[in-house]
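S.K.: Provided below are the primary sequence and the corresponding predicted coordinates.
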Amino acid sequence: MTQRTEPLFKNTELIGFNDLNNKPGFQMAMQKSGERYYLYTASFRHNGWNIVEVTDPKHPRNVKWLDGPWLNAELHDGQSTPKIQIADGLMITAHGGTMKELHGTEPGLPFWGGIMIWDVKTDPENPKLLSKFECKGGAGVHRFCYNGGNFVYVVGACEGYNGFILRIVDISEPTAPKEVGRWWSSEQYLGDKGGKVARYGSAEALSSPFLHACVVKDDVLYCAYANKGFIMLDVKDKTQPKLIGKLSLNPPFGGGAAGAPVHTTLPLGDRPYVVVSTEGERPRYFSNEATEGLFKKIKTQPMNTLGIAEITDPAHPSLISTFPYPEVPEGYTHGQNFNIVDGVRIPFGPHNLFDAFNQDVYGQDPNRVYCCYFGAGLRIYDVSDPFIPKEIAYFLPPDPTKLLFDNKDHTLLPGPEVAVTEDVLVDDRGYIYVDTFMDGLYILRCTV
């Protein structure tokens, strides 16, 4: 197929671009300092964070690449810094282990797992490390929720448990974080049963229950619990989270060769609706020649989806709609749809949603949903009628022309050389920030 050298747009316009020091971003976070806007990106493969000033989105200023504070021969190659959030002048960063299948590293490399807490209020261009909270017993921390206040809802490993569980960490004293509560699915507890913790990212781990992501609103925690479903917890008492309700999603959705069988939850403002998603995967990992391993040639694959759950009866959430298949743009050069890319069957589906709220720096429109859909680019939806979600805009970046990371024998990325979007943020001015798998940061506006 022909490589695309130009982006594809519908009802969006490109405002600015930043190369992120050739270290692709993953989750992003933002804060305002006076009149200045700062964007911070976690990293997919490199150990650290980019800081970019976006006060003028047409000319984003590359402030610095901030190396992680563990840089030594023992920890560097096995370390991952996938997620980041900022609120109340504190930056929280996730730390975990790399995956052979995603990062091209060997299993068993040493790493430090947990969250780190930083002061970014005093000097937004020079974060100051305040403390660490360690999560032993597995892959560290992949995600968490922090939108201000005294508590971080950590999706973390814990000794005696298989896969990520909920760990509620009190940071009222940021230099001395402490766990005050936890919640897990009963199958995850090893206790005196013994048993081996499944390797992070393995087929066994992906088919077992684990918490993947959560967001909190009004003392309700909305959880994407892989292989269990959409789960709501009452966390008014941080020491004793209680189950409110559950909606099973796997099966029929999610799983197979894709990522997290339940990926994200997003409450739609004060309305009784929550967006739930399952995760696809990056086309670059799949080829018709692969015969073994997690990303071997695909014969069949469960459908991944974005959907809306109604929680009018919180004890019995119901799936009331699914989002339309992303429109295939005129000028797309890799096939007739996004499931078969350059002749390669892939586990197509969504990835990260813009799920930040309760902070003035972010846009707050409960009628719009923004989703990075891996190879289908950024998709923007109108959900004013939750029973009929409508796609209103998209942006597909140009296909990358070089690899910004790979494994030693150059076998990590045998598949279609397509552009892949990872995460999205929207600020209070309406600017949209999209980072990419093998490229930099795109700054956009939606024109409708």
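M.R.: Received the coordinates, thanks.
S.K.: could you find the closest non-adjacent residue to the residue positioned nearest the centre of the chain?
M.R.: A centroid search over the chain (CA atoms, centre = their mean) returns Asn352, at 4.7 Å, as the residue closest to the centre. What sits nearest to Asn352 in space, not counting adjacent residues and going by CB to CB, 6 or more residues apart in numbering, is Asp423, at 4.5 Å. Just so you know, the C-beta spots here come from the backbone N, C-alpha and C atoms, and that holds for glycine as well.
S.K.: ok, the one you found - contacts?
M.R.: Gly25, Phe26, Gln27, Met28, His351, Asn352, Cys372, Val434, Asp435 (CB atoms under 8 Å, 6 or more residues apart in numbering).
S.K.: swap in Tyr362?
M.R.: Met30, Ala356, Leu425, Val426, Asp427, Asp428.
S.K.: hmm, which helix or strand of the chain has the shakiest average pLDDT?
M.R.: Across the helices and strands of the chain, mean confidence by mean pLDDT, DSSP states H and E is lowest for helix 203-206: a mean of 76.
S.K.: before we move on, back to that, just the buried ones from the contacts of Tyr362?
M.R.: Met30, Ala356, Leu425, Val426, Asp427 (16 or more other CB atoms under 10 Å).
S.K.: so which residues of the stretch 101-250 of the chain form strands?
M.R.: Here the stretch 101-250 of the chain has its strands, by DSSP state E, counting those that start in this stretch, at 114-119, 128-134, 141-145, 151-156, 165-170, 178-183, 210-217, 220-226, 229-234, 242-247.
S.K.: and stretch 346-366, which residues are buried?
M.R.: 346-356, 359, 361-363.
S.K.: again, but for stretch 84-99
M.R.: 84-87, 90-99.
S.K.: how far off centre is that stretch?
M.R.: Stretch 84-99 sits 12 Å away from the centroid of its parent chain (CA atoms, centre = their mean, to the nearest Å).
S.K.: can you check stretch 219-226 too?
M.R.: With CA atoms, centre = their mean, you get 15 Å for stretch 219-226.
S.K.: just the CA atoms of that stretch, as CSV, please.
M.R.: Presented in CSV, the C-alpha positions along stretch 219-226 are these (Å, rounded to 0.1, in the frame of the first residue of the first chain):
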residue,chain,number,x,y,z
ASP,A,219,-17.3,9.4,45.7
VAL,A,220,-18.2,6.9,43.0
LEU,A,221,-15.3,5.1,41.3
TYR,A,222,-16.1,4.0,37.7
CYS,A,223,-13.9,1.0,36.9
ALA,A,224,-12.8,-0.7,33.7
TYR,A,225,-12.3,-4.2,35.1
ALA,A,226,-10.9,-6.5,32.4
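S.K.: quick one: mean pLDDT for that stretch?
M.R.: Average pLDDT, stretch 219-226: 97.
S.K.: helix or strand: which one has the closest residue to Val275 other than its chain neighbours?
M.R.: Counting by CB to CB, 6+ apart, the nearest residue to Val275 once its immediate chain neighbours are dropped is Leu266, at 4.1 Å. Using DSSP states H and E, Leu266 maps to strand 264-267.
S.K.: what helix or strand is Arg4 located in?
M.R.: Going by DSSP H and E, Arg4 is not in any helix or strand.
S.K.: state the distance from the nearest residue to Asp19 once chain neighbours are set aside to Asn358.
M.R.: Once flanking residues are discounted, Asp19 sits nearest to Gly440: 4.2 Å by CB to CB, 6+ apart. Separation of Gly440 from Asn358 (CB to CB, to the nearest Å): 29 Å.
S.K.: ditto for Pro251
M.R.: 34 Å.
S.K.: for the contacts of Asp423, which one is nearest Thr239?
M.R.: Taking CB to CB as the measure, Thr239 sits nearest to Gln27 out of these, at 28.0 Å.
S.K.: okay but that closest one is in contact with Ser80, surely?
M.R.: No - counting by CB atoms under 8 Å, Gln27 does not reach Ser80; the two are 11.7 Å apart.
S.K.: so between these two, which is more surrounded?
M.R.: Ser80 (29 against 23; other CB atoms under 10 Å).
S.K.: now do the contacts for the residue nearest to the centre of the chain.
M.R.: Gln27, His263, Thr264, Cys371, Cys372, Glu422, Asp423, Val424.
S.K.: export the residues you listed as a markdown table, with columns for secondary structure and distance to Leu306.
M.R.: Compiled in a markdown table, these are given as follows (DSSP: H, G, I helix; E, B strand; the rest coil; distance: CB to CB, whole Å):
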| residue | secondary structure | distance to Leu306 |
| --- | --- | --- |
| Gln27 | strand | 18 |
| His263 | coil | 10 |
| Thr264 | strand | 9 |
| Cys371 | strand | 6 |
| Cys372 | strand | 12 |
| Glu422 | strand | 16 |
| Asp423 | strand | 16 |
| Val424 | strand | 13 |
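S.K.: low pLDDT regions in the chain?
M.R.: Across the chain, the ranges flagged by pLDDT under 70 are 1, 70-76, 192-195.
S.K.: quick one, helices of it?
M.R.: 100-103, 203-206 (DSSP state H).
S.K.: out of those, the one nearest Gly191 is which?
M.R.: Per CB to CB, nearest to Gly191 of the helices of the chain: helix 203-206, 18.7 Å.
S.K.: go through that closest one and flag the buried ones.
M.R.: Neighbour-count burial for helix 203-206 [16+ other CB under 10 Å]: Ala205, Leu206.
S.K.: output it as PDB, restricted to C-alpha atoms.
M.R.: Provided in PDB are the C-alpha atoms of helix 203-206 (Å, rounded to 0.1, in the frame of the first residue of the first chain):
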ATOM      1  CA  ALA A 203      -2.100 -14.300  27.200                       C
ATOM      2  CA  GLU A 204      -2.800 -15.700  30.700                       C
ATOM      3  CA  ALA A 205      -2.700 -12.300  32.300                       C
ATOM      4  CA  LEU A 206      -4.900 -10.700  29.600                       C
END
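S.K.: quick one: residues in contact with it.
M.R.: Contacts for helix 203-206 (CB under 8 Å, 6+ apart): Gly163, Ala198, Arg199, Ala226, Gly255, Gly259, Ala260, Pro261, Leu294.
S.K.: of those residues, which is the nearest to Asp19?
M.R.: Gly259 (26.0 Å).
S.K.: show the contacting residues for the closest one.
M.R.: Leu206, Glu279, Gly280, Glu281, His351.
S.K.: hang on, the fourth one packs against Gly254?
M.R.: No - under the criterion of CB under 8 Å, Glu281 is not in contact with Gly254, lying 11.0 Å apart.
S.K.: I'd assumed Arg445 was in contact with Glu13.
M.R.: Yes - using CB under 8 Å, Glu13 is in contact with Arg445, at 5.2 Å.
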